[in-house]
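Visitor: output the structure for:
(one chain, ligands or ions: 2)
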Amino acid sequence: MRRKLFLETFGCQMNVLDSELVLGQLRAQGYESVDDRDAADVVIFNTCSVREHAEQKVWSRLGELRQRKAAEPGMVIGVIGCMAERDGTNIFQRFPHVDVLCGPGELDKLPTLVHNAVITNADRSTTKKSREVALMGAAVRRSSTLAAAEDTLELLDLSRSVSPGDDVTQSYVRITRGCNKFCTYCVVPYTRGPEVHRPPQNIIDEVRKMTEAGSKEVTLLGQTINHYAYRHGDGRTTTFADLLYQIHEAVPELPRLRFVTSFPRDFTDAALQAMRDCERICRFLHVPAQHGNDRVLKLMNRGYSAQQYIDFVGRARDYMPDISIASDFIVGFPTETDEEFQQTVDLVKLCRFKNSFIFKYSPRPGTVAIDRFADDVPEDVKRRRNNELLAVQQQVTLEENRKLVGRTLEVMVEGESKLVSRQAAYPASKVELGWEKRRVESMPMKTQLVGRTRGDQVVCFDGDLSLKGAVLDVEITDSRGMTLFASLADPVAAATA
Ligand code: SAM
Ligand code: SF4
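Guide: Ligands and ions are numbered 1, 2, ... in the order given. Below you'll find the model as predicted:
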């Protein structure tokens, strides 16, 4: 009998990729992936620890499963990812019905852990409770100098498989793991360990594999992706710029290549030149600024000033005037004053970001900030600053989007729009009357599709769902809210795309 597996993912793109990889491994072991948690024999949560809110969602999921586990002791519950690493075996104290804990740096071991838990829980001759644990712990098993090739976790990426029916139109490929920056508020260096750079050939092979399987857009992933530099055994170094050129040249069939997340201080001119020179690399950068005030940036240990960030944005736009840039900001960092917050507002207005992800500071156990600074900005002040910054960013987005109306832009069709999906022709004519009915029936069903520009702007337009995955031109006709609306620039060409 094939055991049924339910896997729910929280958090960032890195977690989405981790989930895809472990799902592939577990499917290869005979598990069948299901969407209904109640029908699953094995339930796994791939978790995020970046903010407390993300953790609370998982606590509540685990609470919901308490009764079911009491009634079905044979089932297996696993917590994997950053929460497992950060909370460790404390999770067993609070939720004794959890069987498996596996940190993000140990995911290659997950199939064995799950298998052991399934065997133990199925053995009715004993009341022994399974406790399967793989965590990096304080003694991080991988040193920052260890090459990814020697790292067993690399095998997880190398063993990636695509099954028939998997939607790989857009896919992720990791180029680095972990982070060495130690921003004072952030758990990532502790949960994902030190930065490890994957060998370029492994990355190129994986991009090619995903392209051959049907990917139209590959997004390279890394916490500070532009810090990539792989040192070969013979002393050569492949820089981030080299890697971009190499992928672009080695996989010419891939229509689009993207990467996230960039670190402001690490951007070389060579990397910007590579973006400018390679036509299939999207003109989009996600470069979190986090704050607009130098004192706060220092407390955050970001390693740059607001002016240096502004200079970087100017440099990127000198190379590519049409580049679109997104950012992240934290509001209510300890001791942040109103005046300092206003400098963040000014930065958003000045840099004209395409969008910004705005977060209220959340003190995280184990970080430097929680030990060193009191969380002294009251919740209502955090909320007010969050809303104000959001409103300013929305106004910037609106103004920048309006400038695109009338232009022809390339989009990659992601699928059906969640906004509206409708019958474009005669929607109100469903009355069963003479010619009108026949006419409605003979009109093709039009769906509202959603696509993304090379600059990462979201565009809605009418078209056939069979266009999913196509890369085509649209004419931007309108800008409403945060969304652009368009029509197909060449419907005939689109029909054959
Ligand atoms: N590596 C990326 C970088 O350095 O920009 C981002 C990684 S982090 C998972 C994503 C975002 O979460 C950060 O850019 C930051 O804005 C936010 N973040 C991280 N720790 C946070 C905390 N303790 N409270 C609030 N936001 C936080
Ligand atoms: Fe966290 Fe800073 Fe590393 Fe980003 S660069 S993952 S914010 S420590």
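Visitor: mind listing the helices for the stretch 1-150 of the chain?
Guide: Using DSSP state H, counting those that start in this stretch, the helices found in the stretch 1-150 of the chain span residues 13-28, 52-64, 66-71, 82-87, 90-94, 110-122.
Visitor: that should have said the stretch 151-300 of the chain, apologies.
Guide: Counting by DSSP H, counting those that start in this stretch, the helices of the stretch 151-300 of the chain are 153-158, 188-191, 200-212, 240-250, 269-277, 294-299.
Visitor: what is the orientation angle of the longest one with helix 240-250?
Guide: In this structure, helix 200-212 runs at an angle of 40 degrees to helix 240-250, with axes from the mean of the first three to the mean of the last three CA atoms, to 10 degrees as the basis.
Visitor: pull the contacting residues for Met75.
Guide: 40-43, 68-69, 121 (CB atoms under 8 Å, 6 or more residues apart in numbering). Just so you know, the C-beta spots here come from the backbone N, C-alpha and C atoms, and that holds for glycine as well.
Visitor: check it and give its pLDDT.
Guide: pLDDT, Met75: 95.
Visitor: my read: Leu220 touches Ile204, true?
Guide: No - taking CB atoms under 8 Å as the definition, Leu220 is not a contact partner of Ile204, at 10.9 Å.
Visitor: higher neighbour count, the two?
Guide: Leu220 (23 against 17; other CB atoms under 10 Å).
Visitor: quickly list what that one is bridged to.
Guide: Val173, Phe259 (DSSP bridges).
Visitor: can you pull the contacts of it?
Guide: By CB under 8 Å, 6+ apart, the contact list for Leu220 reads 172-175, 203, 247, 257-260.
Visitor: deepest-packed of the helices of the stretch 151-300 of the chain, please.
Guide: Counting by mean count of other CB atoms under 10 Å, helix 188-191 has the highest mean neighbour count of these, with a mean of 22.
Visitor: so what touches it?
Guide: 49-50, 81-82, 85-86, 103-104, 178-182, 223, 366-367.
Visitor: and it, anywhere near ligand 2?
Guide: Yes - legend: contact between helix 188-191 and ligand 2 by CB under 6 Å from any ligand atom is shown at 188-189.
Visitor: so for that helix, what's the average pLDDT?
Guide: Averaged across helix 188-191, the pLDDT comes to 95.
Visitor: ligand 1 is nearest to which of the helices of the stretch 151-300 of the chain?
Guide: Of all the helices of the stretch 151-300 of the chain, it is helix 188-191 that lies closest to ligand 1, at 5.5 Å by CB to the nearest ligand atom.
Visitor: following element in sequence after the worst-scoring helix or strand of the chain on mean pLDDT, please.
Guide: Least confident element among the helices and strands of the chain, by mean pLDDT, DSSP states H and E: helix 434-442 (a mean of 42). Later in the chain than helix 434-442, the nearest helix or strand by DSSP states H and E is strand 447-453.
Visitor: interface residues of the chain facing ligand 2?
Guide: 179, 181-183, 186, 188-189, 223-224, 263.
Visitor: picking that back up, of all the contacts of Leu220, which comes closest to ligand 2?
Guide: Using CB to the nearest ligand atom, Val260 comes nearest to ligand 2 of those, at 11.1 Å.
Visitor: relative to Asp318, how far out is the residue most central in space within the chain?
Guide: Closest to where the C-alpha atoms of the chain average out (CA atoms, centre = their mean) is Gln13, at 2.1 Å. Going from Gln13 to Asp318 by CB to CB, to the nearest Å gives 29 Å.
Visitor: low-confidence ranges in the stretch 101-250 of the chain?
Guide: Counting by pLDDT under 70, the stretch 101-250 of the chain has low-confidence residues at 126-127, 138-151.
Visitor: one more pass at 80, please.
Guide: 124-129, 137-152 (pLDDT under 80).
Visitor: against ligand 1, how distant is the residue lying closest to Phe341 once chain neighbours are set aside?
Guide: Leaving aside its sequence neighbours, Phe341 sits nearest to Arg385 (CB to CB, 6 or more residues apart in numbering; 5.1 Å). Distance of Arg385 to ligand 1, given as CB to the nearest ligand atom, to the nearest Å: 13 Å.
Visitor: what's the spacing between Arg385 and Thr184?
Guide: 19 Å.
Visitor: what's the answer for Leu110, then?
Guide: From Leu110 over to Thr184 the distance is 31 Å, taken as CB to CB.
Visitor: returning to what we had before: doesn't the residue nearest to Phe341 belong to a helix?
Guide: Yes - applying DSSP: H, G, I helix; E, B strand; the rest coil, one finds Arg385 inside a helix.
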